[in-house]
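>>> How does the following fold in three dimensions:
(one chain, ligands or ions: 2)
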Amino acid sequence: GHVFKLEDYRPSDYLIPATSLDFRLSPDATHVTALLTIERREGVAAAAPLVLDGDGLTLLGVAIDGRALPAGDYEATQDRLTILKPPAAQSFELRLETEIAPSRNEALMGLYRSSNVYCTQCEAEGFRRITYFLDRPDILSVYTVRIEASHNEAPLLLSNGNPVERGALANGRHYAVWHDPFPKPSYLFALVAGALGKVTDSFSTMSGREVELGIYVEPGKERLAGYAMDALKRSMKWDEEAFGREYDLDVFNIVAVSDFNMGAMENKGLNVFNDKYVLADEETATDADFANIEAIIAHEYFHNWTGNRITCRDWFQLCLKEGLTVYRDHEFSADQRSRAVKRIAEVRTLRAHQFPEDQGPLAHPVRPRRYREINNFYTATVYEKGSEVVRMIRTILGPETFRAGMDLYFERHDGEAATIEDFLKVFEDVSGRDLAQFALWYHQAGTPNLTVSSAHNAAAKEFTLEIEQSVPATPSESRKRLMHIPLAFGLVGAGGKPVTWTAVEGATVDDGVIHIRKRRHTVRFTGVSERPSVSLNRGFSAPITLSVQQKPEDQFFLAAHDSDAFSRWQAFNTLLTDALIAAFRQVLGGKQPVFVTKLAELAGRIAGDGMLEPAYRALALALPGEADIARDIGKGIDPDAIFAAREALARTIAEANHEAFLALYEDLADNGPFSPDAASAGRRALRNTLLDYLALLPGGATLAARHFNAATNMTDRAGALTVLAHRHSGTAEAEQALAAFEARYRGDALVLDKWFQIQAGVPGAKTLEKVRALMRHPAFSIANPNRVRSLIGTFSSANQTGFHRPDGEGYRLFAETVLEVEKRNPQVAARLATALRSWRALEPGRQAKAKQALLDMAKAENLSADLRDIVERTLA
Ligand code: HT7
Ligand code: ZN
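Ligands and ions are numbered 1, 2, ... in the order given. This next block holds a predicted model:
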């Protein structure tokens, strides 16, 4: 396949200042007429051919300035329309008629049908499946859209911008016209038509304009959209307060559909959502679902300024909108909920998804320079690491200068398609600093590591940190340059009090941040009489790994006393991880793992510490996941041994704290009315975490069954079901609860996804057969991305012992299923396939079998560009 290269970018010869689209909707034959105002760019030769992108279109007619174009004057192929001799005039009108079949579109890109609703997904390159176009993000056009459909089939007709006109037509048909005054790239185009229920509200902006808000859902589900609406209004308000950004159209609409490749899409004035991220009430959604809905509603809304008003020049700049918008949604959630808890959750996600990507064959820079398939670059690196890079800019410049830079960015680039260089330049301009070394965070792949050791010289009252940076080699980047790493830190003394110093040399240190720029720094603090414990990378100031030579006593001390909540969590988590890695080695050596009693004691103290938020305590008590442990071990991974080590530690903690955990568990029982707020969710999280420990003790299954039966919300119900299914698989209690859950939610596919997920996650070799059986369940559909991700995605990426069965059968089922999904939906298949990205870290037996599964996929016939790209890079 073709490799797209950043350095090959050049502006298009032609522009499309105005686009007028006319849709006659019909499931099997939708007729699209596009009227494009084409303008030759200044300085381009008149004879330059006009080459438009297309994908699977049936071309019915081409006309220029009202005259049909003779067949010899253009060439149409599956993926291109070339106007060989465009008119000599600077500007002309191109009329294109195409036909498409939304009902046969199972890739869910372009115009497709989801439960009888017409909808579109155009990012990244879906618009070319609707009409021929310059389908690239630097072509900004003003759209006017007319939609015509049968009134019965599609009473609702939506597109971007503001409504202009609507009316009835003959034969039970009707139409609507929409106009979007803001020039936008084609990937932000959207159309939705169908029979949907509506929830309305309004928002008055900071300058006093009224915006009509609408959320459209499957009829009958309107009452499940209330939380999303509330989150939308809070997002609109927050963006005004935190970034001075106001909404700009008369209407803002959100539509929930049940077949969607990703989470949601920020189409101008018409966001389209996976229904999973809109619909919620306590009966059907967990607290995690509520938090995700809030974050994703905010994320898509925030794109209106970071993505839509200022878009990307080309797809290499994807992080310009995604990294920045993730940063904005993270800050929003931190302000709406608990900042410390949110930060810990973010870092856990980053480590679980971005670190393995950065440390494996699919590693790429936040701003890649090459791609074969852009769909495969909607990654944790572009999104999550991209957000961390923005956060570091704020850390380096300080909040006021950062805000001034953002203001300048909006002012300078509004209405443009911009680049990462443009973004960095605004911060250089407002601060007067040179960010050239910092920019490596965008250009260089790989997770930097800092090795740190410390020494205290009591006589000289000196405290010294020896810090060395390294960036590991990644595919096609063997030599790395030294990076600028903002390392927030604290010197912690008795009782957790900060230890002061009089002077520091060896690195720039300002406002609690050491600026690492060289390979080695010897950072010497003078006037330090007491030996401090050193707390490093506070608040996770940089997305790096740390190898700190620190005594366990210091680690225990920080886990109890660090004033930085993140680092305090980190200290305990590091203790747990170190203990688990040691236990893993004991298991491999045929020994029963043993743990120092201090660890379980500290767990007990954290659980019962009323000064700490319950949500924080829940996060601290959650042991590192099996995949986290595997990542920290690095190679020779035997998932069964990791599982055994983790079980042993969980049991040790549970046994040591049995009574205290039980008492706290009972204390946390909540009989008041349900509220999804962060504090209530935190208490549920802690209680469910305690249940997970208590379930390991005698009577555990009974307790979990009681929890399940008494549950009055989905968080408790799904929490208890997970404990029963995962800890007591095959028992009567587990089987009864699974059956009860299935019966209760029969017919509600979104909730049954949780049931699929829980069963796909049951540890052990037997789950494979269960997954096979569930694929035949009436609620399962290989064509629906949510179903596939719940069952196959969970099995392959969240079930270490089940998927990595030593006999390789997990990989076989996986490869088979990925290829089955791929026939319909290459994008979803390619994403699933990334579950094998860490195959080289496995012990030799599993490694060989995983490789064979990848090779089997590679040699399948007619492999899509999407899947081929992932499989080949994974094997390379
Ligand atoms: N910008 C959106 C990305 C997206 C997408 C990309 C490829 C194919 C389908 C897709 N659906 C949504 C979502 C976002 O980051 O806000
Ligand atoms: Zn986004």
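>>> Report the contact partners of the residue in the stretch 201-350 of the chain positioned nearest to ligand 1.
Proximity of the stretch 201-350 of the chain to ligand 1 (Cβ to the nearest ligand atom) peaks at residue 262, 3.6 Å away. All C-beta atoms are positioned from the backbone trio N, CA, C, and that covers glycine. By Cβ atoms under 8 Å, 6 or more residues apart in numbering, the residues touching residue 262 are 274, 378.
>>> Please apply the same query to residue 410.
243-245, 305, 309-310.
>>> ok, of the residues you listed, which come out buried?
Neighbour counting by 16 or more other Cβ atoms under 10 Å classes 243, 245, 305, 309-310 among the contacts of residue 410 as buried.
>>> mind listing the strands in the stretch 401-550 of the chain by residue range?
417-418, 449-457, 462-470, 485-492, 503-505, 508-510, 513-516, 520-526, 533-536, 545-549 (DSSP state E, counting those that start in this stretch).
>>> Ok, which of these comes nearest ligand 1?
With Cβ to the nearest ligand atom as the yardstick, what comes closest out of those is strand 417-418 (15.0 Å).
>>> That closest one: partners in the sheet, and parallel or antiparallel?
Paired neighbours of strand 417-418 in the sheet (DSSP bridges): strand 311-312 (parallel).
>>> Residues in contact with the strand it pairs with: which ones?
Contacts for strand 311-312 (Cβ under 8 Å, 6+ apart): 137-138, 140, 184-185, 188, 318, 320-321, 416-419.
>>> Turn the buried ones among the contacts of residue 410 into TSV, including secondary structure, distance to residue 47 and pLDDT.
Converted to TSV, the buried ones among the contacts of residue 410 look like this (DSSP: H, G, I helix; E, B strand; the rest coil; distance: Cβ to Cβ, whole Å; pLDDT from 0 to 100):
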residue	secondary structure	distance to residue 47	pLDDT
243	helix	46	99
245	coil	44	99
305	coil	40	99
309	coil	36	99
310	strand	34	99
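>>> Tell me where the stretch 601-750 of the chain has helices.
Secondary structure of the stretch 601-750 of the chain by DSSP state H, counting those that start in this stretch: the helices cover 614-621, 626-633, 639-656, 658-667, 678-694, 700-710, 714-727, 732-744, 749-760.
>>> I'd guessed residue 458 sits against residue 528; true?
No - the pair residue 458 / residue 528 is not scored as a contact, 9.0 Å apart, by Cβ atoms under 8 Å.
>>> Neighbour count for the two, which is higher?
Legend: neighbour count by other Cβ atoms under 10 Å for residue 458 and residue 528, higher for residue 528 (23 against 11).
>>> Skipping its backbone neighbours, what lies nearest that one in space?
Using Cβ to Cβ, 6 or more residues apart in numbering and skipping residues adjacent in sequence, the residue nearest residue 528 is residue 463, 4.1 Å away.
>>> do residue 504 as well
residue 525 is the one closest to residue 504 (Cβ to Cβ, 6+ apart), at 5.1 Å.
>>> What distance do you get for the one you found to ligand 2?
As defined by Cβ to the ion, to the nearest Å, residue 525 lies at a distance of 42 Å from ligand 2.
>>> how much space between that residue and residue 395?
20 Å (Cβ to Cβ, to the nearest Å).
>>> what about those two, which has more around it?
residue 525 (24 against 20).
>>> Can you tell me which residues in this protein are near ligand 1?
121, 123-124, 261-262, 264-266, 299-300, 303, 322, 375, 378, 827 (Cβ under 6 Å from any ligand atom).
>>> near ligand 2, which of those residues show up?
residue 322 (Cβ under 5 Å from the ion).
>>> In helices only, show me the residues of the chain next to ligand 1.
299-300, 322, 827 (DSSP state H).
>>> one step back: over to the residue of the stretch 201-350 of the chain closest to ligand 1: give its phi and psi.
Main-chain dihedrals, residue 262, degrees, to the nearest 10: phi -130, psi -150.
>>> Relative to residue 51, how far out is it?
Residue 262 is 29 Å from residue 51, by Cβ to Cβ.
>>> Also residue 2?
14 Å.
>>> These two: who's more crowded?
residue 51 (16 against 8).
>>> The more buried one in helix, strand or coil?
Here residue 51 is strand, with the state taken from DSSP: H, G, I helix; E, B strand; the rest coil.
>>> Identify the bridge partners of it.
Beta-bridge partners for residue 51, by DSSP bridges, are residue 82.
>>> shouldn't it be in contact with residue 79?
No - the pair residue 51 / residue 79 is not scored as a contact, 10.4 Å apart, by Cβ under 8 Å.
>>> Next, the contact list for the residue nearest to residue 528, please.
454-457, 491, 499, 501, 524-525, 528, 531-532.
>>> tell me which residues form a beta bridge with it?
Going by DSSP bridges, residue 463 forms beta bridges with residue 456, residue 525.
>>> try residue 93
residue 37.
>>> That one: what's it in contact with?
35-38, 64-66.
>>> Go back to these and keep what's next to ligand 2.
Of the contacts of residue 93, not one also sits near ligand 2 (Cβ under 5 Å from the ion).
>>> By neighbour count, which of these wins?
residue 36 (24 neighbours).
>>> where's that one relative to ligand 1, distance?
Look at residue 36 and ligand 1: by Cβ to the nearest ligand atom, to the nearest Å, they are 24 Å apart.
>>> Need the pLDDT of the residue nearest to that residue when sequence neighbours are not counted.
Excluding the flanking residues, the one nearest residue 36 by Cβ to Cβ, 6+ apart is residue 94, at 4.6 Å. Looking at residue 94, its pLDDT reads 98.
>>> how far away is residue 94 from ligand 2?
31 Å.
>>> what do you get for residue 237?
20 Å.
>>> My reading is that that residue lies in a helix. Confirm?
Yes - secondary structure of residue 237 (three-state DSSP): part of a helix.
>>> Next, the buried residues of stretch 503-511.
504, 506-507, 509.
>>> Need the max-distance pair from the residues you listed.
The span of those, defined through Cβ to Cβ, is set by 506 and 509 at 8.7 Å.
>>> Quick check: neighbours shared by those two?
What both residue 506 and residue 509 touch, as defined by Cβ under 8 Å, 6+ apart, is the set residue 523.
>>> just how off-centre is stretch 736-753 within its chain?
27 Å (Cα atoms, centre = their mean, to the nearest Å).
>>> So which residues make contact with that stretch?
258, 275-276, 279, 284, 705, 708, 714, 717, 720-721, 724-725, 755, 758-759, 779, 784, 786-787, 790.
>>> Equivalent analysis for stretch 629-644, please.
With Cβ under 8 Å, 6+ apart, stretch 629-644 has contacts from 351, 355-356, 359, 577, 580-581, 584, 587-588, 593, 624, 626, 645-646, 763, 800-801, 804, 806, 838, 840-843, 846.
>>> Report the buried residues of it.
629-633, 637-644.
>>> buried sites along the helix or strand hosting residue 570?
Taking DSSP states H and E as the criterion, residue 570 maps to helix 565-588. Buried positions in helix 565-588, judged by neighbour count with 16+ other Cβ under 10 Å: 565-577, 579-581, 583-584, 586-588.
>>> swap in stretch 793-806?
793-805.
>>> Mind checking the pLDDT average for that stretch?
98.
>>> try stretch 120-135
98.
>>> same check, this time on stretch 496-515
97.
>>> Keeping just the C-alphas, turn that stretch into CSV.
C-alpha atoms of stretch 496-515 as CSV (Å, rounded to 0.1, in the frame of the first residue of the first chain):
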residue,chain,number,x,y,z
GLY,A,496,5.2,14.8,55.6
LYS,A,497,6.4,18.4,56.0
PRO,A,498,8.3,19.9,53.1
VAL,A,499,12.1,20.0,53.6
THR,A,500,13.5,23.4,52.7
TRP,A,501,16.9,24.2,51.0
THR,A,502,18.8,27.4,50.6
ALA,A,503,20.3,27.0,47.1
VAL,A,504,20.2,24.5,44.3
GLU,A,505,22.6,23.9,41.4
GLY,A,506,23.0,21.4,38.5
ALA,A,507,19.6,22.1,36.8
THR,A,508,17.0,24.8,36.5
VAL,A,509,14.6,24.4,39.4
ASP,A,510,11.5,26.6,39.5
ASP,A,511,8.2,26.3,41.2
GLY,A,512,8.8,22.7,42.3
VAL,A,513,9.9,21.5,38.9
ILE,A,514,13.4,20.3,37.9
HIS,A,515,14.0,20.9,34.2
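>>> Noted, bye for now.
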